[in-house]
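Novice: Provided below are the primary sequence and the corresponding predicted coordinates.
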Amino acid sequence: MSQHPTLKELLDSGATVRTAGAHDGLSSILAREAGFDAIWASGFEISAAHGVPDANIVTMTENVTAASLMVECSGLPVIADCDTGYGNAINVIHTVRSYEKAGVSAICIEDNVFPKRCSFYTGVRRDLVDPEEHAGKIRACLDTRDSSDFQIIARTEALIAGWGMDEALKRGRLYADAGADMVLVHSKSKDPDEVIEFAAQWDRETPLVCVPTTYATTPYQILAEAGYRVVIFANHGLRASIKAMQQVFARIHSEGHASAADDMIVTLPEVYELIGVPEMKQQESLYMPPGSSEK
């Protein structure tokens, strides 16, 4: 696997970091193959892959395990969605140690209360922690990490909660002043007006991050021009895989034979190539006794 730039190197280059959501090793490989710069270890995707809602049901240990697989398999910088940091500032200290040890490039912690609820769930009361409390979490992250290469992203949900632009800017500035390496502002608007206005009023050097899930028709170039340095396409891989599996399973069940889905699936050799079977065969020929594997 070729050496890819680190997240800090990408940011220092001035590029906008195009980031794809993933939930396991294979989805991170596919994101890399598509040409993305970095991986978002999506809490939404990882939770869904476990068959549960995105509501802090999956443990930190399970999330770290998933993120570490993405690091190992993709070779790309991995940004881990750490929800609220799994508790208060003391919990966050443990979170930083665990993710940095796993080789993750950055963690993102949000100012929702614990346990969080997915930003797009409807009919959910939105309570945010006091901004000073979240700033304390940011400081705890900075004091705990071993290297500044391990980036800390502070995320505000003020726009999601309907608390307005002034509150979002106040919180973002406070988190930047606490030392956050980046600030993520989240929005559920159908157009990019909110995030573009936020960027226009942003008066800190701290780079901005956005997640165009609801304002999905907005090209990343527009967001880059507005001032966003990291653009995260957060959950499309998982959603695509659900649709594909639904269609394949339905056709096989309907027609009663596996070949009914041949035009909808990749070949086995394509899977072997993605997951490194050719490399494994080379290793077998180098290190295992003659005759222990087929030629």
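Specialist: Sure, I can see it. Please read all numbers here as calculations on a predicted model, not as lab measurements. Numbering: from 1, shown residues only.
Novice: what about the strands in the stretch 51-200 of the chain?
Specialist: Along the stretch 51-200 of the chain, the segments classed as strands by DSSP state E, counting those that start in this stretch run 78-81, 106-110, 151-156, 182-185.
Novice: Mind putting these into JSON lines with mean neighbour count and distance to M70?
Specialist: The way it works is simple: take the backbone N, C-alpha and C, and place the C-beta from them, glycine included. Shown next, in JSON lines, are the strands of the stretch 51-200 of the chain (neighbours: other CB atoms under 10 Å; distance: least, CB to CB, whole Å):
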{"stretch": "strand 78-81", "mean neighbour count": "28", "distance to M70": "5"}
{"stretch": "strand 106-110", "mean neighbour count": "26", "distance to M70": "13"}
{"stretch": "strand 151-156", "mean neighbour count": "26", "distance to M70": "16"}
{"stretch": "strand 182-185", "mean neighbour count": "25", "distance to M70": "19"}
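Novice: export the ones you listed to TSV and tack on distance to D166 and mean pLDDT?
Specialist: Formatted as TSV, the strands of the stretch 51-200 of the chain follow (distance: least, CB to CB, whole Å; pLDDT from 0 to 100):
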stretch	distance to D166	mean pLDDT
strand 78-81	26	98
strand 106-110	19	98
strand 151-156	12	98
strand 182-185	13	98
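Novice: Out of the ones you listed, which gets nearest to D37?
Specialist: Nearest to D37 among those is strand 78-81 (10.5 Å), distances taken as CB to CB.
Novice: returning to what we had before: turn the strands of the stretch 51-200 of the chain into TSV, columns for distance to G164.
Specialist: Output for the strands of the stretch 51-200 of the chain, formatted as TSV (distance: least, CB to CB, whole Å):
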stretch	distance to G164
strand 78-81	24
strand 106-110	17
strand 151-156	12
strand 182-185	12
